[in-house]
Structure formats: C-alpha cells, structure tokens
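> fold the following, please.
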Amino acid sequence: MIEIVSAERCIGCNQCVSVCPTNVFDKGEAGVPVIARQSDCQTCFMCELYCPVDALYVAPDAEAATGVTEEQLSSGELLGGYRAKVGWGKGRQPVASHSFMIDLSRRAGF
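Coordinates of the predicted model:
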C-alpha cells in the first residue's frame, strides 16, 4: 500500500497521479501529490516505478498501512527501492541483465 510521498524529494511532476490505476492521489496545492484514497491502493507499484526522483514508497503489505516514517525509509534507502531493484532510472541495471537472471534463464532452457 502507498505509504509515503516525500515532499522534500518530490519535484511536482505528478507522474504518480497520472499512472495510478485506482486514482489514489490528488494534486496538492503546493505541487506535491497527496495520498487521498490510500485504501484504494492495489499495491501495483506503478507510482513508485514512474517517480523520477524516488520520492515514493509503496509498502509490500496490500492490506493495511504499516505506519513507516520517511526518516526510517531514508536511512535504509527504501524510498524508490522497488524502482532501484528492477533497474528503472538513470544509471541502474535492468534486472533482466543481472547475472543471476541470465543463469536462471539458462537453467530453464531459454
């Protein structure tokens, strides 16, 4: 479930507002999107994937908010963590080109 929109990191591009399939966000007055309908979040991670500055955090728990704080996430490099893991963003390696994925493909006969 979507947990955090970092006002400090957000650049107001509203990509998250545009890509969310369940309309969870509203455009905020200060340009920073607001989580308006958190319970509608389907935990699809689209907002986190499309955020160009890693200003969002979607918790893997789809049923309830975890109550995590931005400070906790910043120290663990979890803001935008899903995006980093799949290799989205400048300077990141797509997960499909990681050696473990290549080895897995070979073992599967591809």
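> where does this protein dip in pLDDT?
Where the chain drops to pLDDT under 70, the residues are 76, 98, 100-101.
> residue closest to the middle of it?
In the chain, the centroid-proximal residue (Cα atoms, centre = their mean) is Glu48; its distance is 2.0 Å.
> please name the residues that touch Gly12.
Contact partners of Gly12, counting by Cβ atoms under 8 Å, 6 or more residues apart in numbering, are Ala30, Gly31, Val32. No exception for glycine: its C-beta is placed from N, CA and C like everyone else's.
> quick check, the second one in contact with Ala7.
No - using Cβ atoms under 8 Å, Gly31 and Ala7 do not qualify as a contacting pair, with a distance of 9.3 Å.
> more neighbours, those two?
Applying other Cβ atoms under 10 Å to Gly31 and Ala7 shows that Ala7 carries more neighbours, namely 15 against 12.
> how near is the more buried one to Cys16?
13 Å (Cβ to Cβ, to the nearest Å).
> now swap in Thr22 and tell me
12 Å.
> what do you get for Ala59?
Distance of Ala59 to Cys16, given as Cβ to Cβ: 15 Å.
> who's more crowded, those two?
More crowded of Ala59 and Cys16, by other Cβ under 10 Å: Cys16, with 22 against 18.
> need phi/psi at the more buried one.
Main-chain dihedrals, Cys16, degrees, to the nearest 10: phi -60, psi -40.
> surely it is in contact with Cys51?
Yes - Cys16 sits in contact with Cys51 when judged by Cβ under 8 Å, with a separation of 5.9 Å.
> what's the neighbour count on the residue nearest to Ala7 when sequence neighbours are not counted?
Excluding the flanking residues, the one nearest Ala7 by Cβ to Cβ, 6 or more residues apart in numbering is Val32, at 4.8 Å. When neighbours are counted by other Cβ under 10 Å, Val32 registers 18.
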